[in-house]
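>>> Need a 3D model of the following:
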Amino acid sequence: MNSFGLKSIGIVHSPFQNLKNMPIQPKGASGVRGTLEIFPEFQAGLKDLELFSHIFLLYHFHRASRTALEVTPFLDSVPRGVYATRSPLRPNHIGLSVVTLLERRENILTIENVDILDGTPLLDIKPYVLQFDGVGNPSSGWITADSEDVAARRSDERFL
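Model prediction:
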């Protein structure tokens, strides 16, 4: 198995200080603002990012204390393979969120719909591009919850 290191390019700042009772997806954090503090040595990489309305954030679930290959997700009562979920208990503890980019001021990005714990290490940013990322007729697998249920659901102790 290959092993390699990643380095943080910045820090996520959000109003969420505690893992318990956090939104479980950006849909549940509608209107919640935060900032991304990009370290100065990576600031040049932000050039032209402000031209995009949405961005993908890849980050480290730095508070995940264990790994599990089967988990019971927040939106289900049946154990599922971790790769069929958004659980933080993955072998590499990498998270993904799509957020709205509101503003860039030098190395600080203001974002909206942030569902990430304050102080989370940011690994990468990628622009959301409709022509690349928008798909027609997607299947949501086992997930039957509607948007309102996803928005209302909050985290509990199962992934601490």
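
>>> Take stretch 11-21, keep the C-alpha atoms, and write them as PDB.
Presented in PDB, the C-alpha positions along stretch 11-21 are these (Å, rounded to 0.1, in the frame of the first residue of the first chain):
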ATOM      1  CA  ILE A  11      -7.900  26.700   8.000                       C
ATOM      2  CA  VAL A  12     -11.700  26.700   7.900                       C
ATOM      3  CA  HIS A  13     -13.300  29.100  10.300                       C
ATOM      4  CA  SER A  14     -17.000  28.500  11.100                       C
ATOM      5  CA  PRO A  15     -19.500  29.100  13.900                       C
ATOM      6  CA  PHE A  16     -19.400  25.400  14.800                       C
ATOM      7  CA  GLN A  17     -17.200  24.800  17.900                       C
ATOM      8  CA  ASN A  18     -18.600  21.400  18.800                       C
ATOM      9  CA  LEU A  19     -19.100  18.200  16.700                       C
ATOM     10  CA  LYS A  20     -22.400  17.400  18.400                       C
ATOM     11  CA  ASN A  21     -25.500  19.100  16.900                       C
END
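
>>> Backbone torsions only: list them for the closest residue in space to Arg86 that isn't next to it in sequence.
Closest residue in space to Arg86, ignoring its immediate chain neighbours: Gln25 at 6.9 Å, by CB to CB, 6 or more residues apart in numbering. Where C-beta positions appear, they are placed from N, C-alpha and C, glycine not excepted. Torsion angles at Gln25 (phi, psi; degrees, to the nearest 10) stand at phi -150, psi 160.

>>> immediately after the top strand by length along the chain, which helix or strand?
Ranked by residue count and defined by DSSP state E, the top strand of the chain is strand 94-105. Proceeding N to C from strand 94-105, the next assigned helix or strand is strand 108-112, under DSSP states H and E.
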